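Asker: Fold the following.
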Amino acid sequence: MKLTHTRAVAVMVLVTLMWSIAGVVTRQLESARSFEVTFWRSFFTVLSLLVILPAFQGRAVFYKIRHGGFAFWLSGVCWSVMFTAFMVAIMLTTVANVLITMAAGPLITALLARVFIGHRIPSRTWLAIGMAGVGIGWMFGAQMDFSSHLAGTLVALLVPLAGACNWTVVQYSRAHGQNIDMVPAVLVGAALSALVTLPLAFPFSATPHDMGLLALLGLVQLAIPCVLAVMCAGVLKAPEIALLALLEVIFGILLAWFGANEVPGPNVLTGGSLVIGALVLNEMIGWRQKS
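Answerer: Alright, predicted model coming up:
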């Protein structure tokens, strides 16, 4: 399916809305908790992608998985860490804490790319990294009573770290003549996440109501938007995608606020404003310099 620029922007807005439902949906669960939630979401993502990917790519998707090299499987491991850490963090702390911590991903990626593949970091990005660091530090500082919120925020930090590692691996591989297809790697990541969390999910306690919600997350919150986002990435520039992806933070906090009565605290709003502002400033300047 060919996308115009306008349609790609509209689709990315829809993608961020679909991503953002995780928090409010998990707050509606009756008895499923922690690793069981992670297992079922990953399991249903695998089932969904086993239907969606062959429809888009045919049998070639299984060839890519069977013949994927080290970088492909490392990308899959990174996806599995992201899937697992995200859901565990959502169960440990507020939706706002998780989403704002994840928003620092592009800046963490810039640092890792500088260290491991020699990408130059512009002055504007160093400034943004400093601002985001202060914002996250503000969030952490208000949680230093070692409550569950601190633990959840630390787990959430694994998501942008794994995402940054994933991006760095993909960029390094492409620079050396290997082209990693990210969508089959997502399927591998979901499968690994399900396998790792299965032993930790016992005994199962999910009700039929919970199973329906977790199936919804696997299909609507991960599988479908993943495929759509990859399609948009072929049309939109990286700064555009990064800015549009911030809508997940806004949508997610609003949905949890109005749908689950999860009001973000003042420290989260202050620290989050610094993180989001830093990323917006960095991407907007970069976009104008390239245009």
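Asker: Would you map the helices across the stretch 1-150 of the chain?
Answerer: 5-19, 21-26, 34-57, 60-66, 70-92, 95-102, 105-117, 123-141, 148-175 (DSSP state H, counting those that start in this stretch).
Asker: Make TSV out of those helices and add mean pLDDT, mean neighbour count and distance to Val186.
Answerer: C-betas here are computed from N, CA, C, even on glycine. Listed next are these as TSV, based on pLDDT from 0 to 100; neighbours: other CB atoms under 10 Å; distance: least, CB to CB, whole Å:
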stretch	mean pLDDT	mean neighbour count	distance to Val186
helix 5-19	89	17	13
helix 21-26	93	22	16
helix 34-57	92	21	7
helix 60-66	85	15	11
helix 70-92	91	22	5
helix 95-102	84	28	17
helix 105-117	78	18	16
helix 123-141	74	18	26
helix 148-175	83	19	10
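Asker: want to throw the ones you listed into JSON lines with distance to Ile253?
Answerer: What follows is those, written out as JSON lines (distance: least, CB to CB, whole Å):
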{"stretch": "helix 5-19", "distance to Ile253": "12"}
{"stretch": "helix 21-26", "distance to Ile253": "8"}
{"stretch": "helix 34-57", "distance to Ile253": "20"}
{"stretch": "helix 60-66", "distance to Ile253": "35"}
{"stretch": "helix 70-92", "distance to Ile253": "13"}
{"stretch": "helix 95-102", "distance to Ile253": "5"}
{"stretch": "helix 105-117", "distance to Ile253": "17"}
{"stretch": "helix 123-141", "distance to Ile253": "13"}
{"stretch": "helix 148-175", "distance to Ile253": "14"}
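Asker: So which of those is nearest Ala201?
Answerer: For those, proximity to Ala201 was assessed by CB to CB; helix 34-57 is nearest, at 4.1 Å.
Asker: Are there helices or strands packed against the closest one, and which ones?
Answerer: helix 60-66, helix 70-92, helix 182-201, helix 208-216, helix 224-233 (3 or more CB pairs under 8 Å, 6 or more residues apart in numbering; DSSP states H and E).
Asker: Convert the first one to PDB, retaining C-alpha atoms only.
Answerer: If I follow you right, that is helix 60-66. Taking Å, rounded to 0.1, in the frame of the first residue of the first chain, the C-alpha atoms of helix 60-66 are listed here in PDB:
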ATOM      1  CA  ALA A  60       9.600 -14.700   2.600                       C
ATOM      2  CA  VAL A  61       9.100 -13.600   6.300                       C
ATOM      3  CA  PHE A  62      10.000 -17.200   7.500                       C
ATOM      4  CA  TYR A  63      13.000 -17.300   5.200                       C
ATOM      5  CA  LYS A  64      14.300 -14.100   6.700                       C
ATOM      6  CA  ILE A  65      13.900 -15.500  10.200                       C
ATOM      7  CA  ARG A  66      15.600 -18.800   9.400                       C
END
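Asker: residues in contact with Leu49?
Answerer: By CB atoms under 8 Å, 6 or more residues apart in numbering, the residues touching Leu49 are 183, 186-187, 190, 223, 226.
Asker: Of the helices of the stretch 1-150 of the chain, which is nearest Ala245?
Answerer: Ranking the helices of the stretch 1-150 of the chain by proximity to Ala245 (CB to CB) places helix 5-19 first, at 6.2 Å.
Asker: That closest one vs helix 224-233, what angle?
Answerer: Computed by axes from the mean of the first three to the mean of the last three CA atoms, to 10 degrees, the angle separating helix 5-19 from helix 224-233 equals 150 degrees.
Asker: so where is the stretch 151-291 of the chain shaky, pLDDT-wise?
Answerer: Within the stretch 151-291 of the chain, the stretches with pLDDT under 70 are 238-239, 290-291.
Asker: Apply 50 and report the result again.
Answerer: Scanning the stretch 151-291 of the chain for pLDDT under 50 picks out no residues.
Asker: who's in contact with Ala190?
Answerer: Residues near Ala190 by CB under 8 Å, 6+ apart: 42-43, 45-46, 49, 79-80, 83, 222.
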